[in-house]
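Colleague: would you be able to build a 3D model of this:
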Amino acid sequence: MADNSVFFCILEKVTNLIIMAVYILSNRKIVRHKGESVDSFSNEEYSIPNFRIAKCDFEGYKEPTAPAKKKKDYKNRNIINYKLFSEPEKQGYEEVLEVLLSEKGIKKSSLTANNLGGTQRMFYELYKNMSSTKDRSDVLIFIHGYAYDFDDELKAILDLKKLFIDHPESPVEHILFVSWPASSSIVPLTYFDDKAASINSGTSLLRLFYFYTQFLKDIFSNRDLIPCNQRIHIMTHSLGNRVLQSMLYSLKKENILRVIDQVILLNADVTYKVFEDSEDSFNKLPLLANRISIYLNRQDVILGLSQFTKNILTPRLGKNGPSDIERFKDIVSVIDCTFVKDDLLNSFKFEVGKHWGYLSSSQVQRDIFQNLYGIDRTLITNRTMDNENVFTIIS
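Modeller: The predicted structure is shown next:
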């Protein structure tokens, strides 16, 4: 059996054919900071009913030096420049279809991409870029966890870009970062505020899902346009899983389309019973995605604190694993990361917390990359198979 590392060496990205992009979807307040001429997302711990889309601008970007990071002005656009898309003038995606057909010379129109706003502009750009190559050009929807203000989110975007877009072993070329107004404090009492905010933000994610399915119907009802056949993944960390759960609560089974390839649940701070019908949430994921992977660490200190201080002694999915996934065993996998080494980030926070393996361990990262590529779960390297759908990452 060939080593999968050879597969990665052969399947290198042809990045000159693809324009990578990072978008921010946020239900944070929109503000105009003093001395600025453009709108920005707020650092306030307050959510609004609707979300806005922004695109990060990496043109001419230079990695800030350590002294620059310590300055008081290392915030907002001094971390990453971004531009909010305008709100669309009309709802729906008929104008996107008109622009695409005009660009193909099929239909004459005065509309251009500059007339598109919000999700119209984002879906248009993603479709154009993902259709421009035969190589992998996947989209990763990422939902962060507990205790992030907006500046923290921008710093996290830089980490995710390095990890998933810049890394040659990753098929991801585009990131949609779901920004939700978690508390900036790590004081345990703020957890309850974050839990409420995650529920509100799940509504924004639900609206995005419905917008995307409407986009697919409006665009591909026309036979002159064909799907790009690229893949979309969802990755959630910690309490970000609560945002996903909130969306799934409201998602009716009859409205679900299988539009997601991989769902990666990292150190999930939700109940271990979340796949049971009584919860009526994660039991819908097998209808939405081709494969679901639960990454857990049985020594996760953060989830241990969550269980004993905030969740009435209810075991957490990302520490204890799921209660019962027998009927989903063909689709859902459990990956135990308890014994991985924190060889990338080994500060006190990472070594003791055992909560951020996707950032701190190259072993976890390699496992995730192979998952995203869709390699059969029994063929992913550096795993032992405990049973048909439970695996342990080994050194």
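Colleague: measure the residue lying closest to Phe164 once chain neighbours are set aside to Phe391 for me?
Modeller: Distance criterion Cβ to Cβ, 6 or more residues apart in numbering; nearest residue to Phe164, sequence neighbours excluded, is Val172 at 4.1 Å. For the C-beta atoms, the positions are set from N, CA and C on the backbone; glycine is no exception. The span separating Val172 from Phe391 equals 22 Å under the rule Cβ to Cβ, to the nearest Å.
Colleague: now Asp343. Its backbone dihedrals?
Modeller: The phi/psi pair for Asp343 (degrees, to the nearest 10) reads phi -90, psi -10.
Colleague: what do you get for Ile393?
Modeller: Torsion angles, degrees, to the nearest 10, at Ile393: phi -80, psi 130.
Colleague: hang on, isn't it packed against Ser333?
Modeller: No - at 11.9 Å, Ile393 and Ser333 do not qualify as touching, with contact defined as Cβ atoms under 8 Å.
Colleague: one step back: higher neighbour count, Val172 and Phe391?
Modeller: For Val172 versus Phe391, neighbours defined as other Cβ atoms under 10 Å are more numerous around Val172 (25 against 22).
Colleague: contacts only, for the more buried one.
Modeller: Listed by Cβ atoms under 8 Å, 6 or more residues apart in numbering, the contact partners of Val172 are Asp138, Val139, Leu140, Phe164, Ile165, His233, Leu372.
Colleague: doesn't the second one fall inside a strand?
Modeller: It refers to Val139. Yes - Val139: assigned to a strand according to DSSP: H, G, I helix; E, B strand; the rest coil.
Colleague: ranges for the helices of the stretch 51-200 of the chain?
Modeller: 66-70, 94-103, 118-131, 150-160, 190-220 (DSSP state H, counting those that start in this stretch).
Colleague: would you mind finding the most buried of the ones you listed?
Modeller: Burial of these is given as mean neighbour count (mean count of other Cβ atoms under 10 Å); helix 118-131 ranks first at a mean of 21.
Colleague: which elements pack onto it?
Modeller: The contact analysis (3 or more Cβ pairs under 8 Å, 6 or more residues apart in numbering; DSSP states H and E) places helix 118-131 against strand 21-28, strand 47-57, helix 94-103, strand 172-179, helix 190-220.
Colleague: for Thr119, find the nearest of the ones you listed.
Modeller: helix 190-220 (4.8 Å; Cβ to Cβ).
Colleague: next secondary structure after the closest one?
Modeller: Counting by DSSP states H and E, the next helix or strand C-terminal to helix 190-220 is strand 232-237.
Colleague: chain center to that next one, what's the gap?
Modeller: Distance of strand 232-237 from the chain centroid (Cα atoms, centre = their mean, to the nearest Å) equals 4 Å.
Colleague: equivalent analysis for stretch 377-388, please.
Modeller: In terms of Cα atoms, centre = their mean, the centre of stretch 377-388 is found 24 Å from the chain centre.
Colleague: what residues of that stretch count as buried?
Modeller: Buried residues in stretch 377-388, counting neighbours by 16 or more other Cβ atoms under 10 Å, are found at Arg377, Ile380, Thr381, Asn382, Arg383.
Colleague: quote the end-to-end distance of that stretch.
Modeller: End-to-end distance for stretch 377-388, by Cα to Cα, to the nearest Å: 9 Å.
Colleague: show the average pLDDT along it.
Modeller: Taken as a whole, stretch 377-388 has a mean pLDDT of 96.
Colleague: next: stretch 244-259.
Modeller: Average pLDDT, stretch 244-259: 92.
Colleague: now the residue nearest to Phe164: how far from Asp330?
Modeller: In terms of Cβ to Cβ, Val172 sits 25 Å off from Asp330.
Colleague: re earlier: and the helices and strands packed on helix 118-131: which comes nearest Phe282?
Modeller: Short answer: helix 190-220, nearest of the helices and strands packed on helix 118-131 by Cβ to Cβ, at 12.7 Å.
Colleague: could I get the pLDDT score of Phe7?
Modeller: Looking at Phe7, the pLDDT reads 41.
Colleague: out of everything not next to it in sequence, what's closest to Asp343?
Modeller: Nearest non-adjacent residue to Asp343 (Cβ to Cβ, 6+ apart): Ser362, at 5.5 Å.
Colleague: against Arg327, how distant is that neighbour?
Modeller: Distance from Ser362 to Arg327, by Cβ to Cβ: 34 Å.
Colleague: cool, and Asn241?
Modeller: Between Asn241 and Arg327 the computed distance is 20 Å (Cβ to Cβ).
Colleague: these two: which has the busier surroundings?
Modeller: Regarding Asn241 and Arg327, a neighbour count based on other Cβ under 10 Å identifies Asn241 as having more, with 26 against 12.
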